[in-house]
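*Asks:* Sequence and predicted structure, then a few things I'm wondering about:
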Amino acid sequence: MADFVLELADKVAGVGVRTSYADKVEIGGTEVVPVALAGYGFGGGAGTDDEQNEGSGGGGGGWSVPLGAYVGRGGDVRFEPNVLGLLIVAIPLVAVTGKALRLVIKALKK
């Protein structure tokens, strides 16, 4: 099992920025760099019992929400958002922020 974890760590070690920003692409003379919000997680386990039966397991998953792209035209670069992707990210963020503020205000009133 330790080998599995080390192999997994080697494969995801350099993910960082590559998960959020894709390689630059040229489309019709316009340079585009796609931007996304992404996350992933992995888990594993191993064990033996009194009868020396062994067990192991593992799993993983990930998600990605396209937020938009940096578009370069004629020396000018600007971010063009994917409105639906930004709403998918913003709605939970606003909800959690609102709930946190409500709890802080409630605590300050006491």
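*Replies:* Good, I have the coordinates. Here the structure is a predicted model, which is why all the values come from computation and not from measurement.
*Asks:* Leaving out sequence neighbours, find the closest residue to Val25.
*Replies:* Of all residues not flanking Val25 in the chain, Val32 sits nearest, at 5.1 Å (Cβ to Cβ, 6 or more residues apart in numbering). From N, CA and C alone the C-beta is placed, and that goes for glycine too.
*Asks:* Would you confirm that the one you found belongs to a strand?
*Replies:* Yes - counting by DSSP: H, G, I helix; E, B strand; the rest coil, Val32 is part of a strand.
*Asks:* how deep is the nearest residue to Ala22 once chain neighbours are set aside tucked in, by neighbour count?
*Replies:* Counting by Cβ to Cβ, 6+ apart, Ala22 lies nearest to Pro34, which is 4.2 Å off, once chain neighbours are set aside. Using other Cβ atoms under 10 Å, Pro34 is surrounded by 16 other residues.
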